[in-house]
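J.: pasting a predicted model and its sequence here:
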4 protein chains.
Amino acid sequence: MTNISIDAAFDSGNIEVLSIDGACAKLAIRPDNMSEFAQWFHFRIAGAAGEALTLKITNLNNSAYTGGWPDYDACVSEDREYWARASSNFDKDEDNGTLTISYTPASNLAWFAYFAPYSMERHHDLVAEAAACEGVEYLRLGATLDGQPIDCLTMGEGQAEVWLTARQHPGETQAEWWMEGALECLTDPTDPVALALRKRCRFHIVPNCNPDGSRRGHLRTNALGVNLNREWHEPTAQSSPEVLAIRNHMDETGVDFAIDVHGDEAIPAVFLAGYEGIPNLTEDHLEGYNSYQAILDRRTPDFQTKLGYPKAAPGKANLSMCTTQVAHRFKATAMTLEMPYKDLADAPEPEQGWSPERCKLLGRECMAALLEWLDRKG
Amino acid sequence: MTNISIDAAFDSGNIEVLSIDGACAKLAIRPDNMSEFAQWFHFRIAGAAGEALTLKITNLNNSAYTGGWPDYDACVSEDREYWARASSNFDKDEDNGTLTISYTPASNLAWFAYFAPYSMERHHDLVAEAAACEGVEYLRLGATLDGQPIDCLTMGEGQAEVWLTARQHPGETQAEWWMEGALECLTDPTDPVALALRKRCRFHIVPNCNPDGSRRGHLRTNALGVNLNREWHEPTAQSSPEVLAIRNHMDETGVDFAIDVHGDEAIPAVFLAGYEGIPNLTEDHLEGYNSYQAILDRRTPDFQTKLGYPKAAPGKANLSMCTTQVAHRFKATAMTLEMPYKDLADAPEPEQGWSPERCKLLGRECMAALLEWLDRKG
Amino acid sequence: MTNISIDAAFDSGNIEVLSIDGACAKLAIRPDNMSEFAQWFHFRIAGAAGEALTLKITNLNNSAYTGGWPDYDACVSEDREYWARASSNFDKDEDNGTLTISYTPASNLAWFAYFAPYSMERHHDLVAEAAACEGVEYLRLGATLDGQPIDCLTMGEGQAEVWLTARQHPGETQAEWWMEGALECLTDPTDPVALALRKRCRFHIVPNCNPDGSRRGHLRTNALGVNLNREWHEPTAQSSPEVLAIRNHMDETGVDFAIDVHGDEAIPAVFLAGYEGIPNLTEDHLEGYNSYQAILDRRTPDFQTKLGYPKAAPGKANLSMCTTQVAHRFKATAMTLEMPYKDLADAPEPEQGWSPERCKLLGRECMAALLEWLDRKG
Amino acid sequence: MTNISIDAAFDSGNIEVLSIDGACAKLAIRPDNMSEFAQWFHFRIAGAAGEALTLKITNLNNSAYTGGWPDYDACVSEDREYWARASSNFDKDEDNGTLTISYTPASNLAWFAYFAPYSMERHHDLVAEAAACEGVEYLRLGATLDGQPIDCLTMGEGQAEVWLTARQHPGETQAEWWMEGALECLTDPTDPVALALRKRCRFHIVPNCNPDGSRRGHLRTNALGVNLNREWHEPTAQSSPEVLAIRNHMDETGVDFAIDVHGDEAIPAVFLAGYEGIPNLTEDHLEGYNSYQAILDRRTPDFQTKLGYPKAAPGKANLSMCTTQVAHRFKATAMTLEMPYKDLADAPEPEQGWSPERCKLLGRECMAALLEWLDRKG
Ligand SMILES: [Ca+2]
Ligand SMILES: [Ca+2]
Ligand SMILES: [Ca+2]
Ligand SMILES: [Ca+2]
């Protein structure tokens, strides 16, 4: 057969082609600009209809999270809407760590990605649709280093200041799919959860905190290779204007409740991380987090509490992160929501694994859990 | 202006035109065939674009539930998809009880109904779509007196036998909208609630128990004027073949949990009714109902427990009803779910009031509450 | 296996079940009420997922058009939207003429029909959507014997009075699919054909001339078994109120150009029939028809002029038909458009044969041909 | 009021902000990279809900086509799907030529562009959808200077080699909307025009010949500022690899018929340009072009022949252009199709003017005209 061809020069594209031989290719992931983080990939294969592709992503022992590759199946789509999984296998001893993806496309074009991509075009569709809904305000918090706007949507007439932020780490596209689910709920004029929440809260929603990394196909950093979620203690206009703009607006509104949405490379589960290690933490303050976690755990089988990160020891929190900084700075109930790239260990679904559709359903469920949480507090 | 024209010769149509004068009409509701129940209306107005309609439905002191008319606004649609409310006013002293509906249509065709209709064509679409989903079986339980099939959908591989039935009372179209929401959830391959429920339950779903009454535009009875929800103690092939077919199949499967879905004419709220009055009721048995009610109450602001029916005294249950008969016959956790025609007293939404969209969201929420309920039991 | 079950008690349903044995059934077509016409069928099969169905429609030597059965494949749908063809075979010697349909459904519900049905619910959707468009007026021309309205849509500001009528013969559902295509064109604010036509014509459109026959599952007649297309010379309120209402309104508006849309049972092609045999026909008058036919023939491969009806001899036209009556009465360019039940002989497409989608595209093309025709006349 | 904000850092964005004062802004168009062509603009306004915007694009006397601004209204969208026109006025004496756009958005986000944009994301959706259709092959003809693929779709089993190319000039987005219409037609399994054409032709379709200029927000050139439609006589890998790749593949397939799709800045009409000036032109050769033009003119009111470019004198053709080169090189019937930015002078439609929807309808009509043209030749 003629060689397949491989492209990545599009929104969030990322791959280096080392060699192609028929339907087999040897590939590598380009690190984030000015950074060593490499994990996100997104590319298109042309000319392989009916051929058994063998795609080898090499040098992964140098990737950001080597624990992400075992038990991981790559995401694949032929229509750019429905994302399935392609059977994949990791061998740490082949070519300094190689993920071998096997897939036979029906069509002559197939897209592969670390997780279902969420393009900046779709981002603008999302923001435009929400901004046009009754009672929604739009605020441009600032601009990125590449000159893109930091979009913030505001809605609700209540007292509780609720902040939702996503995709500080741009390769964690799960986070913006989650946002799509949360925003569809909150702007639905017939959803009783939205009607009740908008009476009790004032929402501030940043669906994408890192547009530059998103468009550039980064995993974890902005245009200058800066990990935004390590900048919250002292963001700067020079290297983390995204965080500076968001935190400045938080200072104006105050924060009572915050979810910062992420994806985790290694852990096959949805979980929360809190702020156990912040200075002067009271039991009362932490209880807000613990009770929200319990409500969400009860409400949906997709959330669990067994797997997750170790808790920080008292006083040992890293205050450069969004969740800890916000919990500390505003005495807020704050949390990092992590969704997997892998399939759920508890409830495997081999066809799609963790999917955009699941992210969206979780987004709505997190809003409903917030309402239960507010009700509980009375 | 020329007189408007009024039609009702279509699926679930029901109106009698007493007189028309320009954009004003005097109307009456035709009772169910061979019965005195009259409450459901559904008709089309032609030729009134830009005209202020005054539609007077008279003789309502003879309707089935006179308590249904105060604080009620009629449903109206111009595109047959989006149903809003038309400002309405009840005067018990005018023409033996008159509801005056005021509305100015933008288009030359406008549909009015007691609640958003759910046609038999849409019913067949619903059943066909569900039957085509992986893992769903279809069972024709029997036929009505007009020769229509009693459609039953079965799915799930679990132990708990769950029965969902709707629209014994055909004018309570809320019930089939609820079914659409529940079925969309249960057949969604990505919904974690569905995935978990289908592992633990075997569902038996009858989205429309009374197709004849539905097509004929009845409120409460089948083709012979029989109230099916008073036949469960001894259904007959002659007058209640619908109930006979369903109850016979229940006898084959057994029942652990059952929801029978209804609409209530007078009470402006969503609520449950249980089986407090059945013979030999144990505390344990009733606890299943009470705990489900508490879970649902916690999960969604659209459900509440303040408004509802008085509970039957011990031993005084009417066993001719679905819920009591099923609770008694199978020692099942059974319940009647009632949704309003009126707007919710607690959370009024003047534009649409209680709506098909709300019914569907509640259908999904009732399924999620069932999962919580099963989890709680361990 | 258990026996399949068969239902037809729905909009336009028509079948008699003689016997069922597993996945095989012996069937017959119920004639139109008070009439001997029998040809239309429409029924649902339940419980045959994965089973090879053998459906035998018998007694077809007594059907209205025996020439319709050779080379005909029955229409089948499992989702009620996409209609494919099921391999069928006619044996005139089996059980007085039997069409044997062979099909293995994937789902437990499958619908079969003579042609893709067009329900009265869809009719109301069509009329409501058109009536809501800017510049469209709705007129209720009268009522049928079953009390259904005769719906007429009016649009355009031009001089030429154009009448489009369909489905006098209710089992010729092709005609209303054609109407859907024509109406989508004419109400499209961006279609240049519509913009130009609406400036030059006044359209009078009756998408369904025979709602009673449609809902009852008739082939050719109204509620009283009357063939409407033999009533145009003297329609009566008693037996053909549909034609009376339409012709009366034609008398008010006049008619310059008219298409009456039909289906033909035997001929595997799309063709026109004109008015060659009307009294006092001039060459000039007939030229209008001939030139329209030539334009349409040139514009679309789906139309042809080789197959068709024999032309009436001079003076021998049957003036009881719409086309001849209208041509004669108004000196109009009038025509009967016939679409097939069978596949096109010229361009066979085994998967779908002649289809609703093709009907709709033809509807738009007939409008574009009308514009060319008007342009030609200058 | 607070100042509005203005962004253009997205796919095909192009604007320079000179100053902002409340709801008024002074703007300029950035020229194509390494080029002086400036005409395309595309930007987003935030924070102007309910405010009367006054947007002044200055310095237009230096733009590529100053004749484009009189009688031109800017395109605007709030939902990024429906593009309307915003009342605009050109004053050649204000700030070296200023277009003043007046518009009051309902929402806080509004997009403005020279014509409705067609993003590279939508391009990939278009190509993926077509490539997945039965009988469609995908060919990657080469890569651009920015590393994007030149996508080519091939379909049909016939003898006539038909080439369709669009968007050599990236700011002429009309051309890719036209392609969407043509491709929807050609891949529609029910469209008789497609069925017939695919039997008689072999189609080679390049929906976007200049992806780099498209993504960069250029009017007329590629990444290096090269006007591709002046490179067809001797394209090079260094400066016009797009043309080289396409022409090389043309050399392999041969060309019988070709349409190269464009937009024209000044002329308020749709028209064709041919190859009158090529060397050794025969009457026979030119007749192919003339007859196609006549067919298209007859088929659709959106096409006309009064307005257009002057014809080249015999032997004076510029062979660096696609149409002339292809006509000359392959003795093909070739043509440049031009669509307007302005509204049609003949059939003004103030709400949308010439629109994406019109482009798509024209795409289908050009395919139907091709079939008529082939039929005529027999
Ligand atoms: Ca993370
Ligand atoms: Ca009830
Ligand atoms: Ca006929
Ligand atoms: Ca051009």
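T.: All right, it came through fine. Ligands and ions are numbered 1, 2, ... in the order given.
J.: touching chain D at all, stretch A:42-62?
T.: Yes. Applying CB under 8 Å from any CB of the partner chain, one finds stretch A:42-62 in contact with chain D at A:44, A:46-47. Any C-beta I mention is one placed from the backbone N, CA and C, and that applies to glycine too.
J.: so which of those residues reach ligand 4?
T.: Of the residues in those, proximity to ligand 4 by CB under 5 Å from the ion holds for none.
J.: show me what contacts residue A:372?
T.: When contacts are counted by CB atoms under 8 Å, 6 or more residues apart in numbering or on different chains, residue A:372 touches A:295, A:299, B:298-299.
J.: how much space between the closest residue to ligand 2 within chain A and chain C?
T.: Nearest to ligand 2 in chain A, going by CB to the ion, is residue A:192, at a distance of 21.7 Å. As defined by CB to the nearest CB, to the nearest Å, residue A:192 lies at a distance of 29 Å from chain C.
J.: for residue A:145, list the residues it contacts.
T.: Residue A:145 neighbours (CB under 8 Å, 6+ apart): A:212, A:222-224, A:241.
J.: repeat that for residue A:344.
T.: Residue A:344 touches A:268-270, A:302, A:353-354, counting by CB under 8 Å, 6+ apart.
J.: in JSON lines, list these along with neighbour count.
T.: Compiled in JSON lines, the contacts of residue A:344 are given as follows (neighbours: other CB atoms under 10 Å in any protein chain shown):
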{"residue": "A:268", "neighbour count": "18"}
{"residue": "A:269", "neighbour count": "22"}
{"residue": "A:270", "neighbour count": "29"}
{"residue": "A:302", "neighbour count": "23"}
{"residue": "A:353", "neighbour count": "22"}
{"residue": "A:354", "neighbour count": "29"}
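J.: before we move on, the earlier item: save the contacts of residue A:372 as a markdown table, and put in pLDDT, neighbour count and distance to chain D too.
T.: What follows is the contacts of residue A:372, written out as a markdown table (pLDDT from 0 to 100; neighbours: other CB atoms under 10 Å in any protein chain shown; distance: CB to the nearest CB, whole Å):
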| residue | pLDDT | neighbour count | distance to chain D |
| --- | --- | --- | --- |
| A:295 | 98 | 22 | 33 |
| A:299 | 97 | 21 | 33 |
| B:298 | 97 | 18 | 36 |
| B:299 | 97 | 22 | 33 |
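J.: nearest to ligand 3, of the residues you listed?
T.: Distances from ligand 3 to the contacts of residue A:372, taken as CB to the ion, are shortest for residue B:299 (57.3 Å).
J.: from the residues of stretch A:42-62 next to chain D, which is closest to residue B:313?
T.: In terms of CB to CB, no member of the residues of stretch A:42-62 next to chain D lies closer to residue B:313 than residue A:44, at 70.7 Å.
J.: from what I see, the closest one and residue A:113 are in contact.
T.: No. Taking contacts as CB atoms under 8 Å, residue A:44 lies outside contact range of residue A:113: 9.7 Å.
J.: who are the contact partners of residue A:286?
T.: Contacts of residue A:286 (CB under 8 Å, 6+ apart): A:274-276.
J.: including neighbour count and distance to ligand 2, could the residues you listed go into JSON lines?
T.: JSON lines is the format used below for the contacts of residue A:286 (neighbours: other CB atoms under 10 Å in any protein chain shown; distance: CB to the ion, whole Å):
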{"residue": "A:274", "neighbour count": "25", "distance to ligand 2": "47"}
{"residue": "A:275", "neighbour count": "26", "distance to ligand 2": "50"}
{"residue": "A:276", "neighbour count": "19", "distance to ligand 2": "51"}
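J.: in a markdown table: the residues you listed, plus secondary structure, pLDDT and distance to residue C:130.
T.: Output for the contacts of residue A:286, formatted as a markdown table (DSSP: H, G, I helix; E, B strand; the rest coil; pLDDT from 0 to 100; distance: CB to CB, whole Å):
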| residue | secondary structure | pLDDT | distance to residue C:130 |
| --- | --- | --- | --- |
| A:274 | coil | 98 | 57 |
| A:275 | coil | 98 | 59 |
| A:276 | coil | 97 | 63 |
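J.: so which strand or helix has residue A:142?
T.: Per DSSP states H and E, residue A:142 falls inside strand A:137-143.
J.: residues contacting that strand, please?
T.: For strand A:137-143, contacts defined as CB under 8 Å, 6+ apart pick out A:127, A:131, A:149-155, A:206, A:241-242, A:244-246, A:248-249, D:5, D:7, D:9, D:46-47, D:107-109.
J.: how far does that strand sit from the chain's center?
T.: 20 Å (CA atoms, centre = their mean, to the nearest Å).
J.: that strand: which residues count as buried?
T.: For strand A:137-143, the neighbour count (16 or more other CB atoms under 10 Å in any protein chain shown) marks A:138-143 as buried.
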